[in-house]
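In: Need coordinates for the below:
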Amino acid sequence: MESSSLPNLKITLRASLDFEKLEIPIDQNIIDSSTFLTNISETCTEDTTIDVNMTSKQLQQFVTFFNHYPSTNAPQDEEFETQFFGALTNEEFYALCNAIDFFDSDRFTEAAGDFVLRDKIPEMKTEDIRNYLGIKNDMEDKKVELFDPSSLNYFRN
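Out: Below is the predicted model:
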């Protein structure tokens with residue numbers, strides 16, 4: 001997602017969901033990591049400040065995450081991502097993912113998904129996974145009884 005933005009263009013992100021209103025100028029690496037910011041940088045002709053629906057803490061986390069990687073092509077750092085996401089409560093993780101989703105960043109989305117699949121779900125039982133993902137169990141006992149267990153043999157092999 002390498003950008004062709006103006007070389008001296010300055011984009012600043014400002015958290016709008018708290019009184020602190022943290023403002024952080026972002027560099028080209030962060031711009032290139034986001035489809036939204038890339039599009040903004042290609043259409044802006046002057047320095048701009050963008051109010052984002054994030055708390056100051058979330059904005060700082062956003063910048064910390066992307067500044068960890070020296071470029072958009074840098075390899076995934078599972079150890080960093082496990083520490084980064086693992087330090088968040090489930091509520092903070094959900095809120096951060098929702099806030100950053102606005103930026104349309106494949107790196108963040110993939111890292112968050114990998115974290116859940118790699119570090120959260122393997123330790124869970126089926127009911128825990130349903131609760132974690134907000135999935136309702138709509139299988140009635142009669143439907144389960146009608147289900148032929150031998151039909152799963154293909155998937156078990």
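In: gap between the residue nearest to Pro25 when sequence neighbours are not counted and Ser56?
Out: Leaving aside its chain neighbours, Pro25 sits nearest to Thr12 (4.7 Å; criterion: CB to CB, 6 or more residues apart in numbering). To be clear about C-beta, it is placed using only N, CA and C from the backbone, and glycine gets the same treatment. From Thr12 across to Ser56, the span is 13 Å (CB to CB, to the nearest Å).
In: try Gln76
Out: With CB to CB as the criterion, Gln76 and Ser56 are 27 Å apart.
In: The two: who's more crowded?
Out: Between Gln76 and Ser56, counting by other CB atoms under 10 Å, Ser56 is the more crowded of the two (18 against 12).
In: lowest confidence element among the helices and strands of this structure?
Out: Lowest mean confidence among the helices and strands of the chain (mean pLDDT, DSSP states H and E): helix 141-146, at a mean of 58.
In: tell me the contacts of Asp114?
Out: Asp114 sits next to 76, 78, 81 when contact means CB atoms under 8 Å, 6 or more residues apart in numbering.
In: Checking my notes, the last one in a helix, right?
Out: Pointing back at Glu81 there. Yes: assessed by DSSP: H, G, I helix; E, B strand; the rest coil, Glu81 belongs to a helix.
In: and the gap between it and Val63?
Out: Glu81 is 16 Å from Val63, by CB to CB.
In: neighbour count winner among those two?
Out: Higher neighbour count among Glu81 and Val63: Glu81, with 21 against 17, using other CB under 10 Å.
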